[in-house]
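Q: Structure here, sequence nowhere to be found:
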Ligand code: AQP
């Protein structure tokens, strides 16, 4: 009998259009994971409302995120790609886990501190309990592994702590997830401020390359990228963060090493290099954009995939939630 695959869980927020950072740092690496793992990828629309969203745009962004997952090559018949808000178990388990999470633990979360500083006019309780909802996401699917960047590691640790605490009281209800140790993609920095990561919700449109940007827009954004006053294309993250970021992007896009890139552009200056990076990224994204345009026209197909995957996610997560409710002593509904 074939060995059962381990379960992998991840997702992205529908807070904007996906960026090159989301793609090179995560999505591109998710594509082949389903050979080794049973994969769940969420459209994390419940997390997205911790920051105010315009309802019309939000609805569109969430659907586009699902479609972009598919356009990028995630097969919705092999991976479970679903909308977090379509599966009520997330909200239900998050509430229960809130009662097994300490304020002291949440007070230590650096993302809460960062986001509160960024959205000082809207420091809501959802922003504060975000890690608990994330714990519910992961634990509902009994995930073995979660691909996380360094900035999310703290959230995985609190998930493990909550799960261990719960299991300590009620027995083995949750699987304790581990960080995914396979290949993690490049960390892409903002084109306008290379000290900060490229983000889909950045207010400066020149700071991020969006997966749906037109080829000419992409080229222009790279031409305008902030670099330094030297002329040498050399990898030095500390002293030349802008050029080093462009080199990371060029390397992730073409597969060339830093050494090869330095040789290729020796004596040629930044102008030529920026053009080459813009061309390489535009070429990389063209097939994805064509597929995205085709899929957007095929409403019936996307709808059928959303329905089938929501149902799968609901089925799996209900099994965990039922067990949790029984363990904590909720009475059963009389039908
Ligand atoms: N710049 C980046 N470089 C590499 N990887 C990145 N990721 C995000 N930005 C970069 C990875 O993409 C996934 C998406 O995570 P998310 O949507 O839950 O939120 P995020 O990390 O906060 O992404 P954004 O784009 O910066 O969203 P906003 O602007 O809403 O905060 C994760 O796997 C992340 O590591």
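A: Yes, it's here. What you see is a predicted model; the values in this text were computed from it and never measured.

Q: how about low-confidence regions in the stretch 1-150 of the chain?
A: Applying pLDDT under 70 to the stretch 1-150 of the chain flags the ranges 1-2.

Q: the helices in it, which residues?
A: Along the stretch 1-150 of the chain, the stretches classed as helices by DSSP state H, counting those that start in this stretch are 20-22, 28-30, 45-48, 55-71, 89-98, 103-107, 110-118, 125-140.

Q: which residues touch the fifth one?
A: Contact partners of helix 89-98, identified using Cβ atoms under 8 Å, 6 or more residues apart in numbering, comprise 46, 84, 129, 132-133, 135-137, 139-140, 162, 166, 314, 317-318, 320-321, 324-325, 328. Every C-beta, even on glycine, is put in place using the N, C-alpha and C of the backbone.

Q: Can you list the buried residues in that helix?
A: Within helix 89-98, the residues that count as buried by 16 or more other Cβ atoms under 10 Å are 89-90, 92-94, 96-98.

Q: Quick check: closest non-adjacent residue to residue 296.
A: Excluding the flanking residues, the one nearest residue 296 by Cβ to Cβ, 6 or more residues apart in numbering is residue 67, at 6.0 Å.

Q: could the helices of the stretch 1-150 of the chain be laid out in a markdown table, adding distance to the ligand?
A: Shown next, in a markdown table, are the helices of the stretch 1-150 of the chain (distance: least, Cβ to the nearest ligand atom, whole Å):
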| stretch | distance to the ligand |
| --- | --- |
| helix 20-22 | 3 |
| helix 28-30 | 9 |
| helix 45-48 | 7 |
| helix 55-71 | 9 |
| helix 89-98 | 14 |
| helix 103-107 | 18 |
| helix 110-118 | 8 |
| helix 125-140 | 9 |
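
Q: I'd like these laid out as JSON lines, including distance to residue 177.
A: Below are these laid out as JSON lines (distance: least, Cβ to Cβ, whole Å):
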{"stretch": "helix 20-22", "distance to residue 177": "21"}
{"stretch": "helix 28-30", "distance to residue 177": "16"}
{"stretch": "helix 45-48", "distance to residue 177": "17"}
{"stretch": "helix 55-71", "distance to residue 177": "21"}
{"stretch": "helix 89-98", "distance to residue 177": "14"}
{"stretch": "helix 103-107", "distance to residue 177": "17"}
{"stretch": "helix 110-118", "distance to residue 177": "18"}
{"stretch": "helix 125-140", "distance to residue 177": "5"}
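
Q: looking at these, which is buried most?
A: helix 20-22 (a mean of 24; mean count of other Cβ atoms under 10 Å).

Q: now it: how far from the chain's centre is it?
A: 9 Å (Cα atoms, centre = their mean, to the nearest Å).

Q: What's the local residue count around the nearest residue to residue 42 once chain neighbours are set aside?
A: Spatial nearest neighbour of residue 42, excluding adjacent residues (Cβ to Cβ, 6+ apart): residue 11 at 3.2 Å. Using other Cβ atoms under 10 Å, residue 11 is surrounded by 23 other residues.

Q: same question, the one 5 residues further on
A: Residue 16 is surrounded by 21 other residues when neighbours are defined as other Cβ under 10 Å.

Q: Over to residue 215?
A: If we define neighbours as other Cβ under 10 Å, then residue 215 has 15 of them.

Q: Please list the residues of this structure that sit near the ligand.
A: Counting by Cβ under 6 Å from any ligand atom, the chain comes close to the ligand at 12-13, 15-16, 19, 21-22, 25-26, 44, 149, 187-188, 197-201.

Q: Got a PyMOL select line for the buried ones in the residues you listed?
A: Of the residues of the chain next to the ligand, the buried ones go into a single PyMOL selection, burial set by 16+ other Cβ under 10 Å:
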select buried, resi 12+13+15+16+19+21+22+25+26+44+187+188+197+198+199+200
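
Q: and the gap between the nearest residue to residue 116 once chain neighbours are set aside and residue 15?
A: The shortest distance from residue 116 to any non-neighbouring residue, by Cβ to Cβ, 6+ apart, is to residue 123 (4.6 Å). Relative to residue 15, residue 123 is positioned 17 Å away (Cβ to Cβ, to the nearest Å).

Q: Likewise for residue 261?
A: Going from residue 261 to residue 15 by Cβ to Cβ gives 32 Å.

Q: ok, now residue 114?
A: 14 Å.

Q: Ok, residue 173 next?
A: 31 Å.

Q: Disregarding residues adjacent in the polypeptide, which is nearest to the residue in the chain positioned nearest to the ligand?
A: Using Cβ to the nearest ligand atom, the closest approach of the chain to the ligand is made by residue 25 at 2.0 Å. Of all residues not flanking residue 25 in the chain, residue 185 sits nearest, at 4.4 Å (Cβ to Cβ, 6+ apart).

Q: Show me the chain divided up by domain.
A: Following automatic domain parsing, the chain resolves into domains at 6-181+299-328, 215-294.

Q: And the shortest one, end to end?
A: Read it as domain 215-294. 18 Å (Cα to Cα, to the nearest Å).
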